[in-house]
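*Asks:* Just the structure for this:
(2 chains)
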Number of protein chains: 2
Amino acid sequence: MNAIFDVAPDASARLPYPYLLFLGDAVEAGFAKTAFGVRDWAGDKCVGEFSVGATVTTGLPVMTPAEAYAEGARAVLIGVANRGGVIAPAWIASLVEALEAGLDIISGLHNRLVDVPELAQTAARLGRRLIDIRVPPAGLPIGTGRKRTGKRLLAVGTDCALGKKYTALSLANAFAERGVDVDFRATGQTGIMIAGGGIPMDAVVSDFEAGAAEVLSPDAAPDHWDVVEGQGSLFHPAYAAVSLGLLHGSQPDVIVVCHEPGRETMLGLPDFKVPSIEETIELNLLMGRRTNPAIRCGGIAFNTSAMNAAEAEALMEAESKRLGLPVADPIRRGPAFDRLVENCLK
Amino acid sequence: MNAIFDVAPDASARLPYPYLLFLGDAVEAGFAKTAFGVRDWAGDKCVGEFSVGATVTTGLPVMTPAEAYAEGARAVLIGVANRGGVIAPAWIASLVEALEAGLDIISGLHNRLVDVPELAQTAARLGRRLIDIRVPPAGLPIGTGRKRTGKRLLAVGTDCALGKKYTALSLANAFAERGVDVDFRATGQTGIMIAGGGIPMDAVVSDFEAGAAEVLSPDAAPDHWDVVEGQGSLFHPAYAAVSLGLLHGSQPDVIVVCHEPGRETMLGLPDFKVPSIEETIELNLLMGRRTNPAIRCGGIAFNTSAMNAAEAEALMEAESKRLGLPVADPIRRGPAFDRLVENCLK
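*Replies:* So this is what the prediction gives:
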């Protein structure tokens, strides 16, 4: 009742939706990043928003839980985080109202919904689900390394928090636009809310890390693609275990290296230099060959959000020449992005 | 009450001992490997053995829990595993007797002691501890990559289950014999029972894997050595995440590569070749440099238990010449082992 799946998931296990996005009492957009991400990448899964005095908005229609239920909503999605990352007391009455209106609740916050007595009691009384995205499914297997059917792409990174999720989402959309049968496979909280399913890879016990990644992208038709959201970096002194289990278990045919030009040191770790793009390609291919000898690099995704369009374009062209690979910003798209997509699919 | 530590451990957190070794109803020595390992490597922590009809024996004095308590014992250590790796119903009366005699219980089995009602109730009534070795401490931190004081050695492997624990124990003993201030740092169940403390690294959530390894080998005096038990292999398709988190977090100054000559494919994975010793050195140094640029390989530990002494000696001499590094069997010891020890310490 408090995991997305009660047993190891199959590809069809899904969160309840459409969603009503809950913005809490957020007065700064930065705290509602989850809601914005879900609106941007899974707008078709959202019917509206509600809050308890928030001044930020997603621009979706404001509605009560009862109105949202009448519009088809099946879950409230907590799209906001306060400073501690916990469920705030000020939110609880609204969340109880949502349960009473017929909606389940989905949360990626630190404290668990079932540990809030009012929510646990109301959900039990009404038969609603309290879904904590941070809780991995039970019954995950040990990895086997067995080669699976179908094609897989994994977004890898020079560091954390530089666009691996949005790169994977943008590539999956571009694949679909070209008529490719594709699934985005989510490995983090916001990704799971967007996809409506997935496994929070950083919450999996390390012995099962590769096995979880194997479960996440199961056997598929020969021309089907799984585009897997990456996590961390093989060079990250804290999170490389997550990255390596995900790489081994995903057994990608193609990696795309995500990088933020100008970032010199790892986020929050000023003593650790960000590795070069070449080193990152080389190490991921070296380790990835263990479970897929045919692994190759499809290209580079730059996060150029801090640059203007002309600067970004010039840099990406120069880097593409230097590296001999497509380099594109998956948010800006354009011809360079098309070349990246084509090179991944070729 | 069901973890070794209630919060992230420090170097002084310890299991209760001396131990009374419990052999259950074992009739095959293979099922009592834990008891034999603890007897061989922590004999000074053991006062005796008891069982419920076992035909195997550690050779230690047979005594009742009450007799053991009178001899100073403070815990029963379950040194046996049956086929399912669970606490057998036939054992429960004896374990209750041990609690009543004043002993805590230590277990590394799959099901938790606290989930056996008779044990939970008796322990609660008498104020005894039920200690499940498989449960990692709560409150483990995210890794920081900060360089710590003191020296560290990590046993790494070409595969699982080929002698990393015994290599680390034998090296730690040899360091101590030379007057070096040394701690063996255990990362698996039997190792934790031998050392009287440690962290079960394969049970740690992957996000905290490197952080757990940092906690396990804390800042120490400049000439102090931690000899850290390795886990898995960077080349293992299921367990490499554990190995990488442990490598990054241990930030070893020296690695010793453990290998079993003649093993061609990974244990239980006939499609995966065992990597060469050179590849294993190279990849561990490459990844280990991220948190300790001064990392080096001290030599190679061979598990030659399947060979006779002359064969083993000839092979190790030839391999030592070929690799330009000491190669020794840490169980056989001898002059080659002395060279390995000296090269690690130099």
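*Asks:* From here on, just use CA atoms for contacts and neighbour counts.
*Replies:* OK.
*Asks:* what does the helix or strand that contains residue A:298 contact?
*Replies:* Using DSSP states H and E, residue A:298 sits within strand A:296-302. For strand A:296-302, the surrounding residues in contact (CA atoms under 8 Å, 6 or more residues apart in numbering or on different chains) are A:167, A:253-261, A:281, A:285, A:316, A:325-330, A:340, A:343-344.
*Asks:* Quick check: can you list the domain ranges of chain A?
*Replies:* Domain assignment for chain A, taken from automatic domain parsing, gives A:19-128, A:151-345.
*Asks:* ok so, going back, need the CA coordinates for the strand holding residue A:298. CSV is fine.
*Replies:* Provided in CSV are the C-alpha atoms of strand A:296-302 (Å, rounded to 0.1, in the frame of the first residue of the first chain):
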residue,chain,number,x,y,z
ARG,A,296,28.4,2.9,-28.3
CYS,A,297,28.1,6.6,-27.7
GLY,A,298,25.3,8.3,-29.7
GLY,A,299,26.3,11.8,-28.9
ILE,A,300,26.4,14.5,-26.2
ALA,A,301,23.6,16.5,-24.6
PHE,A,302,24.6,19.9,-23.4
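*Asks:* Let me see the mean pLDDT of that strand.
*Replies:* Mean per-residue pLDDT for strand A:296-302: 98.
*Asks:* How about stretch A:66-83?
*Replies:* 94.
*Asks:* per-residue confidence for residue A:248?
*Replies:* pLDDT, read off for residue A:248, is 98.
*Asks:* isn't it right up against residue A:293?
*Replies:* No - assessed by CA atoms under 8 Å, residue A:248 is found out of contact with residue A:293, at 11.3 Å.
*Asks:* These two: who's more crowded?
*Replies:* residue A:248 (30 against 14; other CA atoms under 10 Å in any protein chain shown).
*Asks:* Okay, angle between the one helix or strand the more buried one maps to and helix B:240-250 too, please.
*Replies:* Here residue A:248 sits within helix A:240-250, counting by DSSP H and E. Here the directions of helix A:240-250 and helix B:240-250 differ by 160 degrees (axes from the mean of the first three to the mean of the last three CA atoms, to 10 degrees).
*Asks:* now the contacts of strand A:296-302: which count as buried?
*Replies:* A:167, A:253-261, A:281, A:285, A:316, A:325-330, A:340, A:344 (16 or more other CA atoms under 10 Å in any protein chain shown).
*Asks:* Let me see the mean pLDDT of the helix or strand residue A:338 falls within.
*Replies:* With elements taken from DSSP H and E, the one containing residue A:338 is helix A:335-345. Helix A:335-345 carries an average pLDDT of 98.
*Asks:* again, but for stretch A:168-175
*Replies:* 98.
*Asks:* Within range of chain B, give me the residues from the stretch 201-346 of chain A.
*Replies:* Within the stretch 201-346 of chain A, the positions adjacent to chain B are A:201-211, A:235, A:237-245, A:248-249, A:269, A:287, A:290-291 by CA under 8 Å from any CA of the partner chain.
*Asks:* average pLDDT for stretch A:103-120?
*Replies:* 94.
*Asks:* Please report phi then psi for residue A:107.
*Replies:* phi -140, psi 150 (degrees, to the nearest 10).
*Asks:* The strand holding residue A:298 to helix A:335-345, inter-axis angle?
*Replies:* Strand A:296-302 and helix A:335-345 are oriented at 160 degrees to each other (the same axes, to 10 degrees).
*Asks:* Contacts for whatever helix or strand comes next after strand A:296-302, please.
*Replies:* Sequence-wise, the next helix or strand downstream of strand A:296-302 (DSSP H and E) is helix A:309-323. For helix A:309-323, contacts defined as CA under 8 Å, 6+ apart pick out A:278, A:302, A:304, A:326, A:327, A:328.
*Asks:* what angle separates helix A:309-323 from helix A:335-345?
*Replies:* Using the same axes, to 10 degrees: helix A:309-323 against helix A:335-345 is 40 degrees.
*Asks:* Sort out which residues of helix A:309-323 are buried, please.
*Replies:* Those buried within helix A:309-323 under the rule 16+ other CA under 10 Å are A:312, A:313, A:315, A:316, A:319, A:320.
*Asks:* mean confidence score for that helix?
*Replies:* 98.
*Asks:* Which residue ranges of chain A form strands?
*Replies:* Secondary structure of chain A (DSSP state E): strands at A:19-22, A:46-50, A:75-78, A:104-107, A:130-132, A:151-157, A:182-185, A:225-228, A:254-259, A:265-266, A:269-273, A:296-302, A:327-328.
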